[in-house]
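S.K.: make a model of this:
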Amino acid sequence: MLNQRHTLAVLLSGFVLAACGSAAAQTIQSTPAVPAGLTAYGFPKVMATVKFKPGVAATVTSGQLSVQIPADAFTEPVTFELLQGTPSYWQSNVPKGQTVVSDFAFRVLNSSGALVVNFNKPVLFVLTDPEVGATTVYENATATKPPQVVPNPVPSEIQGHVLKHSVSAAAVGWVVANPAA
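M.R.: Next up is the predicted model:
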C-alpha cells in the first residue's frame with residue numbers, strides 16, 4: 001500500500017511539474033516582443049525616432065520628411081518612429097505610370113511596447129522635395145503582401161514643392177507619387 005501511495009505521489013508530482021513547466025514555457029513564449037507592424041510590410045528602415053511626452057509638441061525628421069506631433073496627440077508617453085522603405089520596392093507596387101517620390105509609415109509604441117494605431121489628434125506629415133508639384137498624389141499602402149496602393153481620399157495640401165497631409169492613425173503606410181507625364 002505504501003508503495004502504491006509513493007508511486008501515486010511521484011506520478012502526481014510529475015504531472016504538477018510538467019504542468020508548471022508547460023505554463024512557464026507558455027508564459028515565456030507569450031511575452032510580447034516589440035511588434036514589427038509596417039516594418040514587415042515594405043517599410044523596414046527606422047529613419048528617426050522621438051520619445052513623445054504628453055503636453056509637449058514634438059517633431060521627428062529624416063531628410064526631406066518631417067512629422068509634427070501636437071502636444072495632445074497622445075495621452076501617454078510613446079515612442080514615435082518614422083519608417084521608410086525602398087522607392088524601387090514601391091515603384092513596382094504603385095499604379096502603372098506613376099513615379100514614386102517618397103514612401104513612409106509610422107510605428108508608435110506605448111511604454112509596454114504595444115502598437116498605438118489611433119491618435120487623439122492628427123499629426124502633420126510634411127514632405128519637401130523638388131519632385132513634389134501640383135499633380136503629386138498621396139496614396140495609402142496596405143500592410144499586406146503584396147501591398148495594395150490606393151489613393152488616399154483626403155486631398156493633400158501642396159504649395160510649391162511642399163506636400164502636407166494630416167494623419168490620425170498608423171494602420172497603413174503611404175506613398176507619394178507623381179502621375180504619368
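
S.K.: hey, let's count contacts and neighbours off CA atoms from now on
M.R.: Will do.

S.K.: and the protein, what are its domains?
M.R.: Per automatic domain parsing, the domain ranges recorded for the chain read 1-31, 37-178.

S.K.: same list (those) but as CSV, adding mean neighbour count and mean pLDDT.
M.R.: CSV is the format used below for those (neighbours: other C-alpha atoms under 10 Å; pLDDT from 0 to 100):
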stretch, mean neighbour count, mean pLDDT
domain 1-31, 11, 34
domain 37-178, 18, 94
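
S.K.: which residue is the nearest non-sequential neighbour of Phe125?
M.R.: Using C-alpha to C-alpha, 6 or more residues apart in numbering and skipping the chain neighbours, the partner closest in space to Phe125 is Val67 (4.5 Å).

S.K.: pull up the pairing partners for the helix or strand that Val123 is a member of, direction included.
M.R.: Per DSSP states H and E, Val123 falls inside strand 118-128. Note on strand 118-128: by DSSP bridges, its sheet partners are strand 65-69 (antiparallel), strand 162-169 (antiparallel).

S.K.: is the residue nearest in space to the middle of the chain in a bridge, and if so with what?
M.R.: Residue closest to the mean C-alpha point of the chain, counted by C-alpha atoms, centre = their mean, is Arg107 at 3.0 Å. Beta bridges link Arg107 to Glu81 when assigned by DSSP bridges.

S.K.: cool, Asn140 as well?
M.R.: If you apply DSSP bridges, the partners that Asn140 bridges to are Val150, Trp174.

S.K.: that one reaches Trp174, doesn't it?
M.R.: Yes. Using C-alpha atoms under 8 Å, Asn140 is in contact with Trp174, at 4.6 Å.

S.K.: ranges for the helices of the chain?
M.R.: 2-30, 87-91 (DSSP state H).

S.K.: got the contact list for the shortest one?
M.R.: Pointing back at helix 87-91 there. Residues external to helix 87-91 that are found in contact with it (C-alpha atoms under 8 Å, 6 or more residues apart in numbering): Gly42, Gln98, Thr99, Val100, Val101, Ser102, Asp103, Val175.

S.K.: return the member of those nearest to Gly133.
M.R.: Nearest to Gly133 among the contacts of helix 87-91 is Val101, at 10.6 Å by C-alpha to C-alpha.

S.K.: what sits against the closest residue to the closest one other than its chain neighbours?
M.R.: Residue nearest to Val101 in three dimensions, not counting chain neighbours: Ala177, with 5.0 Å by C-alpha to C-alpha, 6+ apart. Residues near Ala177 by C-alpha under 8 Å, 6+ apart: Gln98, Thr99, Val100, Val101, Ser102, Thr136, Val137, Tyr138, Glu139.

S.K.: need these in TSV with distance to Pro54, can you?
M.R.: As requested, those are exported to TSV (distance: C-alpha to C-alpha, whole Å):
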residue	distance to Pro54
Gln98	39
Thr99	38
Val100	34
Val101	32
Ser102	29
Thr136	33
Val137	32
Tyr138	29
Glu139	29
